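>>> what follows is a predicted structure for the sequence shown.
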Amino acid sequence: MNYSSLPKIDLHCHLDGSVRPQTIIDLANQQNISIPSQDINEIRSLMIAPETCQNLEEYLMRFDLPLSVMQTQAGIERISFELFEDAAKENVKYFEVRFGPQLHQLQGLSFDQIIGSVVKGMQRAEAMYDIKGNYILSILRTFPKDNIRDVIDAGAAYLNKGVVAFDLAGAELPGFCSEFIPYVDYAIEKGYRITIHAGEQGVGQNVFDAVTMLKAERVGHGIHISGHQGAYDLVKQQNIGLETCPSSNIQTKAVDKLSEHPLKAFYEDALPITINTDNRTVSNTTMTDEIRKVMEEFNLSREDYFNIYKISVEQAFASDEVKQHLMSFAD
Ligand SMILES: O=c1[nH]cnc2c1ncn2[C@H]1C[C@H](O)[C@@H](CO)O1
Ligand SMILES: [Zn+2]
């Protein structure tokens, strides 16, 4: 099978985890930021989460270096453009990228400047390549909550003009959902769609809570519903999109190896699974790699692939017009 030529949809990818190593070097030099090396291979290896990663917390430490050069409008715009360019070159037709506006304020940028920059970079790539995209705003669960409404307000100006959804990311503790109810309600009131990282490290109960308390339409990862019947049944009944990210799950020890990933069992039981990258650089992957690994490991056919592609179209936070365009690539 020619995996590169397949049309692809990625619904779960973090901007700061998907920066080109050369861009880190270029931007650090332009911005007079000291970095550990000028050697691209060393920078790459500092960005990739190692096999010896013990958990999600250790994986999340790989984001400090890219974030250090993502504090100016020009830097953020360039990185957004390049990510969409990289994806377009491997035939990703629709791409939802997420990032945490709160992480880009170290040099005083406003949320409007930050969100405006990612959208501008994406739109520049959309004009040059056959790719469509949208941004998801991620709030870091471990951060102070006093500026969450400011992020939501700033993003609201871009709703359906480059921004579509709200997410919670970062370390996952059991029972995290309840304290975010007022913020998610506020985002829904403003018109955001909702996806929540849940059931990645945490227990399946977090997925149940994300759907019932936070009205999540999709969940990031969600793999731990396999140990929680209530969450499993809810996802199935309500057709909650599962944004699976297989390589990332192995690195964070959410699963021991790909053969133990529950995505095949979910697919066979007609749960709406999608296949995504999570972090192209930190997880050292691409959509082509993820699809190749999953199809080979689980013996999926071309028909299975296009079934999953169609689930991604259905679960995308895209306009009907874009969805129709995406369906034109389906077999
Ligand atoms: O897989 C993940 N789970 C939870 N949080 C994550 C994951 N990958 C990246 N993040 C965090 C670290 C980034 O700095 C932040 C915003 O993209 O989201
Ligand atoms: Zn993620």
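That came through, no problem. Ligands and ions are numbered 1, 2, ... in the order given.

>>> near ligand 1, which residues of the stretch 51-200 of the chain?
Residues of the stretch 51-200 of the chain lying close to ligand 1 by CB under 6 Å from any ligand atom are 56, 60, 63, 98-100, 103, 138, 169-170, 197, 200. All C-beta spots, glycine's among them, are computed from the backbone N, C-alpha and C.

>>> now flag whichever of the residues you listed is closest to Val282.
Val282 lies nearest to Phe63 out of these, by CB to CB, at 7.1 Å.

>>> so what's the residue count around that closest one?
22 (other CB atoms under 10 Å).

>>> do the same with Ala74
Ala74 has 12 nearby residues by other CB under 10 Å.

>>> which residues touch Asn29?
Residues in contact with Asn29 (CB atoms under 8 Å, 6 or more residues apart in numbering) are Gln38.

>>> thinking again about what came up before, filter the residues of the stretch 51-200 of the chain next to ligand 1 down to just the ones in strands.
Judged by DSSP state E, these include 98-99, 138, 169, 197 as members of strands.

>>> mind listing the strands in the stretch 151-300 of the chain by residue range?
Along the stretch 151-300 of the chain, counting by DSSP state E, counting those that start in this stretch, strands occupy 163-169, 193-198, 218-221, 241-244, 273-275.

>>> dump those into a markdown table; add mean neighbour count as well.
Formatted as a markdown table, the strands of the stretch 151-300 of the chain follow (neighbours: other CB atoms under 10 Å):
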| stretch | mean neighbour count |
| --- | --- |
| strand 163-169 | 25 |
| strand 193-198 | 27 |
| strand 218-221 | 29 |
| strand 241-244 | 26 |
| strand 273-275 | 25 |
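
>>> let's have these in a markdown table, adding distance to ligand 2.
Converted to a markdown table, the strands of the stretch 151-300 of the chain look like this (distance: least, CB to the ion, whole Å):
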| stretch | distance to ligand 2 |
| --- | --- |
| strand 163-169 | 6 |
| strand 193-198 | 6 |
| strand 218-221 | 5 |
| strand 241-244 | 8 |
| strand 273-275 | 13 |
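
>>> may I see the ones you listed arranged in TSV, with mean pLDDT as well?
Shown next, in TSV, are these (pLDDT from 0 to 100):
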stretch	mean pLDDT
strand 163-169	99
strand 193-198	98
strand 218-221	98
strand 241-244	98
strand 273-275	98
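
>>> turn those strands into JSON lines, including distance to Met327.
As requested, the strands of the stretch 151-300 of the chain are exported to JSON lines (distance: least, CB to CB, whole Å):
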{"stretch": "strand 163-169", "distance to Met327": "18"}
{"stretch": "strand 193-198", "distance to Met327": "19"}
{"stretch": "strand 218-221", "distance to Met327": "19"}
{"stretch": "strand 241-244", "distance to Met327": "17"}
{"stretch": "strand 273-275", "distance to Met327": "15"}
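
>>> is ligand 1 within reach of stretch 240-259?
Yes. Stretch 240-259 reaches ligand 1 (CB under 6 Å from any ligand atom) through Ser248.

>>> now the end-to-end length of that stretch.
23 Å (CA to CA, to the nearest Å).

>>> and what of stretch 280-292?
This stretch, stretch 280-292, spans 15 Å end to end (CA to CA).

>>> quick one: mean pLDDT over that stretch.
Taken as a whole, stretch 280-292 carries a mean pLDDT of 98.

>>> in that stretch, which residues are buried?
For stretch 280-292, the buried set under the neighbour-count rule, 16 or more other CB atoms under 10 Å, comprises 280-291.

>>> ditto for stretch 107-115
Under 16+ other CB under 10 Å, the buried positions of stretch 107-115 are 109, 111, 113-115.

>>> now the residues you listed as CSV including secondary structure and pLDDT?
Formatted as CSV, the buried residues of stretch 107-115 follow (DSSP: H, G, I helix; E, B strand; the rest coil; pLDDT from 0 to 100):
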residue, secondary structure, pLDDT
Leu109, coil, 98
Phe111, helix, 98
Gln113, helix, 99
Ile114, helix, 99
Ile115, helix, 99
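
>>> what is the nearest of the buried residues of stretch 280-292 to Arg193?
Met287 (21.5 Å).
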